[in-house]
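1. Here's my sequence, what's the structure:
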Amino acid sequence: MAVVEIYSHPVLHRYKTSICTKATIFVFACFLLTFIPPLLVAYRSQGFWLRETTYREQPDVSFKHQILLVVQTSQTGDYLAWSTYQNFNQLQQGRVRVPLVKSR
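-> Numbering: from 1, shown residues only. Sure, this is the predicted structure:
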């Protein structure tokens, strides 16, 4: 058996309100707080991308009264050495020359 439509009535509901409501103000405030503050922070922090920047630092330099001296002689491959490190001087044995070094 076939089903036959005898009567139909469309249901249409319309809800109307004014544009100036608490919900509209809330949505507008959320929009402003979502997009405007990050743009202001980016603008106040010297822009979105750095084109040029510099960084300076003063090193902490202290003289520890330690030295390693290697001197090349006129003969090819020959050198003389001296150091305040005793282990280095022991390794160099025959090439060690003790210079006169003064520091303040």
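
2. where are the low-confidence patches of the chain?
-> The chain contains no residues with pLDDT under 70.

3. Select the longest helix from it.
-> The longest helix of the chain (DSSP state H) is helix 22-44.

4. and that one, how far from the chain's centre?
-> Here the centre of helix 22-44 is set off from its chain's centre by 28 Å, with C-alpha atoms, centre = their mean, to the nearest Å.

5. got it, and stretch 10-27?
-> For stretch 10-27, the distance to the chain centre is 48 Å (C-alpha atoms, centre = their mean).

6. which residue ranges form the strands in this structure?
-> Along the chain, the segments classed as strands by DSSP state E run 68-72, 79-83.

7. Pipe these into TSV and attach mean neighbour count per row.
-> C-beta: built from backbone N, CA, C; applies to glycine. Below are the strands of the chain laid out as TSV (neighbours: other C-beta atoms under 10 Å):
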stretch	mean neighbour count
strand 68-72	11
strand 79-83	15
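
8. wait, which of those is closest to L50?
-> When the strands of the chain are compared by C-beta to C-beta, strand 68-72 sits nearest L50, at 41.1 Å.

9. Who are the packing partners of that closest one?
-> When contacts are defined as 3 or more C-beta pairs under 8 Å, 6 or more residues apart in numbering; DSSP states H and E, strand 68-72 sits against strand 79-83.

10. residues in contact with the strand it packs on?
-> Here strand 79-83 makes contact (C-beta atoms under 8 Å, 6 or more residues apart in numbering) with 67-73, 88-89, 92, 95-99.

11. how distant is that strand from the center of its chain?
-> 43 Å.

12. Only C-alpha atoms, please: export that strand in CSV.
-> Provided in CSV are the C-alpha atoms of strand 79-83 (Å, rounded to 0.1, in the frame of the first residue of the first chain):
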residue,chain,number,x,y,z
TYR,A,79,110.3,24.5,18.4
LEU,A,80,110.9,25.5,22.0
ALA,A,81,108.3,25.4,24.8
TRP,A,82,107.7,26.4,28.4
SER,A,83,104.7,26.6,30.6
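
13. Compute the inter-axis angle for that strand and strand 68-72.
-> Per axes from the mean of the first three to the mean of the last three C-alpha atoms, to 10 degrees, the angle that strand 79-83 makes with strand 68-72 is 170 degrees.
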